[in-house]
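> would you be able to build a 3D model of this:
(4 chains)
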Number of protein chains: 2
Amino acid sequence: MDTTIELVTQKLVNNEIKPSYPRIKVMEYLMKWENHPTVDEIYLELLKEIPTLSKTTVYNTLDIFLDHNLVQLINIEGHEARFDANVNVHGHFKCEQCGKIEDFYFDEGIVDVFSLQNCFIKEKHIYLKGICTDCLDHNNV
Amino acid sequence: MDTTIELVTQKLVNNEIKPSYPRIKVMEYLMKWENHPTVDEIYLELLKEIPTLSKTTVYNTLDIFLDHNLVQLINIEGHEARFDANVNVHGHFKCEQCGKIEDFYFDEGIVDVFSLQNCFIKEKHIYLKGICTDCLDHNNV
DNA sequence: TATAATTTTATAATGATTATTACTTTAACT
DNA sequence: AGTTAAAGTAATAATCATTATAAAATTATA
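Here you go, the predicted model:
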């Protein structure tokens, strides 16, 4: 059996999620390609391997993963949800020109020092937008 | 003439936006009530004063304001856009229980030190989610 | 005042997400 | 193994925010 599939299966089982084929494949896709795909991108990609797959299943699966904190939801664009299997606190930078989304890391503490000392903080999201170095170079703006 | 309306009118004119009544009212609402309303909230509120108002106009008006950087778009919830007349860089904390969104401030520099030195950063958004102090108190969790 | 340009409105279209229901697969039990 | 219940998946329709389009109203200009 494929090692990746074994690992993913284990991950799901550890979180009390039954490792059905679609679930394994969605998680595998999210972990393997560390992009930040939309539901549609996940669906269209997996459809190649699972011709009977429905988009509803992708939505349901992602909801389960969200509930179990196995993925995080990225709201960098209002009109489409993106998903990230990296649930460590980190930021996202989207290039408005090429559309690429880059991860970046920061000391989580910087967000704690603000005026919300006594609140219970569950999620921390940092989103930046601009033009990436590649695009800046190629544009020679 | 009302001082607020004069101020808002001036703000629009300074930004080469014709100060039509709906535009003045949308901006006035955003500045007066420093909440972070959705399009629907703005629409329903202003409808009381402007019975002929259409939601399309609210959308169009907000688009113009965005283009001129007079408001910023808040994507803290994926399914609904919120708007903020405060365009200074600041963060938003949403209480998942009462729904309230609080502003908070941070040293803008903390976002600059990341691995994006050579990118051109146009927008910086920090969103936190959790439970606010009020809700924590009243729950006596 | 007449005409052109702009703004607003009403309506329809789009697209992502959710809800519903039926179908299929898996699990449990005899 | 065969039967029934439960869980998961799929197909379809419904919802809702947003966008597009075209008509009506307003404002600016000659």
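
> quick one: the strands in chain A?
Along chain A, counting by DSSP state E, strands occupy A:72-74, A:82-84, A:91-95, A:101-104, A:120-131.

> touching the third one from outside, list them.
Yep, that's strand A:91-95 we're talking about. Contacts to strand A:91-95, defined as Cβ atoms under 8 Å, 6 or more residues apart in numbering or on different chains, come from residues A:36, A:74, A:76-77, A:84, A:100-106, A:125-132, A:134-135, B:111, B:114, B:116, B:119, B:121. From N, CA and C alone the C-beta is placed, and that goes for glycine too.

> what angle separates that strand from strand A:120-131?
20 degrees (axes from the mean of the first three to the mean of the last three Cα atoms, to 10 degrees).

> okay, now the sheet partners of strand A:91-95, with direction.
With DSSP bridges as the test, strand A:91-95 is paired with strand A:101-104 (antiparallel), strand A:120-131 (parallel).

> let me know which of the ones you listed is the nearest to A:Met27.
Comparing the strands paired with strand A:91-95 against A:Met27 with Cβ to Cβ, the closest turns out to be strand A:101-104 (18.3 Å).

> please identify the buried residues of the closest one?
Using 16 or more other Cβ atoms under 10 Å in any protein chain shown as the test for burial, strand A:101-104 gives A:101-102, A:104.

> now it: how far from the chain's centre is it?
What separates the centre of strand A:101-104 from the centre of its chain is 11 Å, taken as Cα atoms, centre = their mean, to the nearest Å.

> any chance of CSV for the buried residues of strand A:101-104, columns pLDDT and distance to DNA strand D?
Converted to CSV, the buried residues of strand A:101-104 look like this (pLDDT from 0 to 100; distance: Cβ to the nearest atom of the strand, whole Å):
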residue, pLDDT, distance to DNA strand D
A:Ile101, 95, 19
A:Glu102, 93, 24
A:Phe104, 92, 27
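
> of these, which is the nearest to B:Ser54?
Nearest to B:Ser54 among these, with distances taken as Cβ to Cβ, is A:Ile101, at 35.2 Å.

> name whatever forms a beta bridge with the closest one.
As for beta bridges, A:Ile101 partners with A:Lys94 under DSSP bridges.

> ok, it touching A:Phe83?
No: if you go by Cβ atoms under 8 Å, A:Ile101 and A:Phe83 don't touch, sitting 11.3 Å apart.
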